[in-house]
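Enquirer: here you go, sequence then predicted model.
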Amino acid sequence: LGAEGASGPLAHGPVLGHVTDRSALVWVRTRVPGAVVCEALDDSGEVVASAHAVTDRGHDRTATLLLEGLASETAYRYRITVEGTRFSDPAWTLRTWPAPGMPVRLRVGITSCFDDREFPEARGYAVLSSLQPDLVLALGDNAYIDSTKVAAHRLRYRALRSVAPLAALCIVLGVWPNYL
């Protein structure tokens, strides 16, 4: 889930986490400890909610930012600022859920057995991102890794850059393989 570009203060993310009818969590990792801001913007580009954190080595330079006071059933773009450097992408959007008790239409994507090295033309995660799901269930073998070593798995997942836009767009629930 590497941020675009190998340099700069944003190392990984953003990853959209728990979303409710009034709030959303966004996770990031910075290259060095520092101040992080996440802002939600309305259709006109005005900031409607912001969250602040400071990353440190004790928490692996990660931050979970809670955007509160959002309107239900509303789409927002969001952006990240790390130590004064702003990161944004038109694909970084979130949509709050309807108010409790209201009906909801849910778009669920399901993935499994994805091998982007042998079949690079498949572009599975990119295609799934273009469908703008609300939730993705990644049911295992999310990237083929021919090793039982945890370090090899970590390296391979870091190289799987095509999942980053999807993780910034919607909630992704993953199942880890049980054969490590």
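Expert: Good, I have the coordinates.
Enquirer: how about the CA coordinates for stretch 109-116, as PDB?
Expert: In PDB, the C-alpha atoms belonging to stretch 109-116 read as follows (Å, rounded to 0.1, in the frame of the first residue of the first chain):
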ATOM      1  CA  GLY A 109     -16.500  -6.900  -4.500                       C
ATOM      2  CA  ILE A 110     -15.000 -10.300  -3.900                       C
ATOM      3  CA  THR A 111     -11.500 -11.300  -4.800                       C
ATOM      4  CA  SER A 112      -9.400 -14.500  -4.600                       C
ATOM      5  CA  CYS A 113      -6.500 -16.200  -6.300                       C
ATOM      6  CA  PHE A 114      -5.000 -13.100  -7.800                       C
ATOM      7  CA  ASP A 115      -1.700 -13.600  -9.700                       C
ATOM      8  CA  ASP A 116      -0.600 -10.300 -11.200                       C
END
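Enquirer: now that stretch, how far from the chain's geometric center?
Expert: Computed by CA atoms, centre = their mean, to the nearest Å, the chain-centroid distance of stretch 109-116 equals 17 Å.
Enquirer: make 65 the first number, not 1, from now on.
Expert: Renumbered: residue one is now 65, and that last one reads stretch 173-180.
Enquirer: grab the nearest non-local neighbour of residue 179.
Expert: Counting by CB to CB, 6 or more residues apart in numbering, residue 179 lies nearest to residue 208, which is 4.5 Å off, once chain neighbours are set aside. Glycine gets a C-beta too; all of them are placed from N, C-alpha and C.
Enquirer: any stretches of this protein with poor pLDDT?
Expert: For the chain, residues meeting the criterion pLDDT under 70 lie at 65-71, 180-181, 183-187, 205-207, 221-226, 240-244.
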